[in-house]
Structures are given as structure tokens and as C-alpha cells.
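S.K.: Please find the sequence and the predicted model below.
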Amino acid sequence: MDRQTLTGMSGANPLGFMASLGLLRVLSTQGREARLGFMDDGTYHPFVEAHESDLSEIVANDAALAGGEQGWVLAYKKQEKNGDKVVADLKAPPVEFSRFLARCVEQWLLGDGEPAAYAAAYGTSTAVDGKGNTKPMALHFTAAQQQFLGTVESIRGSVTSEWCALSLFAGHAGRKGSNLRWDPAAERSWALMANNPTTDGTTVDAPIEWLAFRGLPLLPSFPFGSRILTTAVAGRGEEMRMTWPLWSVPLSLATAKSVLHMAWTDSSRDRAPRGVFAVCSSPIRRTSQGFGNFAPATIRS
């Protein structure tokens, strides 16, 4: 298999790490033999070993073929003063989320496990927020008028092969558009900026954000009493953070999934036997409006 280093990405960035998982998953679920690892030379660039050479075209085709009605889309009607509004977000009323889960199970029984894999990442049928709606995964950072799955569709529709090449191998490929707030650089707190961020607009690296979304099934959520826990995320409130390992030994999709379900701490004795050379940890910040953002990660070798 050929090795390609994705020099436009960093596994030490939560968005870059999630996108790396997404690329591994896209390649693997398409029947391509692939393995993922990260450079231990201080760049933390991900690399993939696969027989396929044109990764940019593969990612662009994946986004294009995902158009139309997808089983992973959770959409429901919400009553407002001016009539019903279709909402594509994860904070659905529990009855709507239960219907979505039932549809996913039906599709799984018919041989299509993709919707169920996403449903397991989105939330659970038990946890609700303060408004009585479904409590979504810890990686749900959108709020107010920004709808998570609506933003995903906007991102998907803008992915091109040319943009993929820049994102994967050049980096700094952001363009104007809405993002999922998974990149620490996307945090737009007025307290941290010279100008009001609401007037500046936002940027998105669509291929990377799309791949990060494609990697979500590797980070499923689980019910814990009346709460929800998300893989790789621990803590509550201001203490919530995502922690993930970086490994130099190329891993298959199944092995990477098992590694993500382990508890990675600074004192872990499981690193060396598994080729893990660093552990990254990124705090999750939330505003009073409900928006989330990753803070820059700390890296411990």
C-alpha cells in the first residue's frame, strides 16, 4: 500500500483529528483497505496507507454521492408564529428523536447501518436538556438559528476536488461560509477579538469539516442514567474536554475504533504497546447562548 501524508492537516487539532478518522472511515466503508497513523516528528500530520492514490477525488465523490435524502438526516417540523418550520438539528423533541431512531433501526434491519451509526453518535433516547428536548452529543456546538445538520448539508454541497486537494495537502483552505465550530480557530468570542465578530462573517474548510462529520460514528454517545456521555469526552460544565491519542503505527478502522474507547490519561501504561506517542486534550467552552467551541489542545508526549 502507498503512504500519503496529509500535510494540510494536524492530528493535534480536534477538527483535524476528527477529519482523519472520517477519511479512514470513508476509505474503509467503501471497501478500500486503509490504515491511519500520525507523524511523530512534531508536525502531527496524519498519514494514510491505502491502494488508492487520488484522495481528493475520493473525498469529493463521497460528498457528492451523499446528496439528496440521507438516512442520517434528523429533520422535523417546529411550530412558530409564522407557521411550521422544518428544522434539521439534533435538539429534537424526544418523540421526534424516537421516530428517527425507529427509522434508523428499520434501515439497519434492511442492511443499511449508516443511519444507525450516526444516530448512535447524535444522542440517546433518555437524556433531555433544560427545555425538555433531546440532549445531543457533547460535540454539538451549534445553537440559536444555526442548525447542526443544516450546516452539514451546506458544507457538503460546497466540497470540490480542487478544494479537497488544498485542504488535505496545503492547509489554510478556509473560505467564507458556516462551520460546525470544531476548529479552535473558529471561536469568535468578542471578548477575545478586537472587533465585533458578528459583523465579520465566518469561514469554513469544507472538505475537512465534511470528513470530520463522516468520522462521527467512531465517537458514539451512550446513556448514563439521565445523562449522555460521548466517546473521548469527559467532565461536565467548564471541566468538559475531549482527549484523544495520536499513534505512529498505522491502524485499521476496527483497531482505531477500539483505541478510541480506551481512557487515555497522562499516566497510561498502554501507550507504547499501541504505538501511541502523544495524548491531546482540548477543553470545550460554551457561551451563554449555547454555542460551543474547542480551545487549543495541550499535547503531552
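M.R.: Alright, I've got the coordinates. On a predicted model such as this, the values are computed, not experimentally measured, just so you know.

S.K.: How far does stretch 286-301 stretch from one end to the other?
M.R.: 28 Å (C-alpha to C-alpha, to the nearest Å).

S.K.: Now tell me what touches that stretch from outside.
M.R.: By C-beta atoms under 8 Å, 6 or more residues apart in numbering, the residues outside stretch 286-301 that reach it are 12-15, 44, 139-144, 146, 181-184, 186-187, 189, 242, 266, 277-285. The C-beta positions use only the backbone N, C-alpha and C, and glycine is treated the same way.

S.K.: The closest residue to Arg285 other than its chain neighbours sits in which helix or strand?
M.R.: Once flanking residues are discounted, Arg285 sits nearest to Asn293: 5.1 Å by C-beta to C-beta, 6 or more residues apart in numbering. Secondary structure from DSSP states H and E places Asn293 in strand 292-294.

S.K.: The very next helix or strand once past that strand - what's its average pLDDT?
M.R.: Using DSSP H and E, the helix or strand that follows strand 292-294 in sequence is strand 298-300. Here strand 298-300 scores 91 as its mean pLDDT.

S.K.: what's the answer for stretch 88-105, then?
M.R.: Per-residue pLDDT over stretch 88-105 has a mean of 93.

S.K.: Quick one: residues in contact with that stretch.
M.R.: 71, 73-76, 115-116, 118-119, 122-123, 125, 128-129, 131-137, 140, 142, 147-150, 153.

S.K.: Let me know how buried Ser248 is, in neighbour terms.
M.R.: Per other C-beta atoms under 10 Å, the neighbour tally for Ser248 reads 16.

S.K.: no no, Asp40
M.R.: 16.

S.K.: contacting residues around it?
M.R.: Neighbour list for Asp40: 246, 248, 277-278 [criterion: C-beta under 8 Å, 6+ apart].

S.K.: how about a cut-off of 7 Å?
M.R.: Residues counted as contacts of Asp40 (C-beta atoms under 7 Å, 6 or more residues apart in numbering) are 248, 277.

S.K.: okay, it: pLDDT?
M.R.: 93.

S.K.: a helix runs through it, doesn't it?
M.R.: No: read with DSSP: H, G, I helix; E, B strand; the rest coil, Asp40 is coil and lies in no helix.

S.K.: if I look at it, how far off is Gly11?
M.R.: Distance, Asp40 to Gly11, using C-beta to C-beta, to the nearest Å: 10 Å.

S.K.: And for Arg32?
M.R.: According to C-beta to C-beta, Arg32 and Gly11 sit 21 Å apart.

S.K.: The two: which has the busier surroundings?
M.R.: Gly11 (29 against 14).

S.K.: wait, that one sits on Pro46?
M.R.: Yes: between Gly11 and Pro46 a contact is recorded at 5.2 Å, counting by C-beta atoms under 7 Å.

S.K.: Mind listing the shared neighbours of the two?
M.R.: Taking C-beta under 7 Å, 6+ apart as the contact rule, Gly11 and Pro46 both touch 20, 38.

S.K.: Kindly tell me how buried His172 is, as a neighbour count.
M.R.: When neighbours are counted by other C-beta under 10 Å, His172 comes out with 8.

S.K.: Could you do Thr243 as well?
M.R.: Neighbours of Thr243 (other C-beta under 10 Å): 19.

S.K.: Cys280 is in contact with Ala12, correct?
M.R.: Yes: Ala12 is within contact range of Cys280, at 5.3 Å (criterion: C-beta under 7 Å).

S.K.: Tell me how many other residues crowd Ser158.
M.R.: 17.

S.K.: That one: what's its closest spatial neighbour, skipping adjacent residues?
M.R.: Per C-beta to C-beta, 6+ apart, closest to Ser158 is Ala206, 4.7 Å.

S.K.: which intervals of the stretch 51-200 of the chain have sub-threshold pLDDT?
M.R.: With pLDDT under 70 as the threshold, the stretch 51-200 of the chain has low-confidence stretches at 68-69, 80-81, 83, 187-200.
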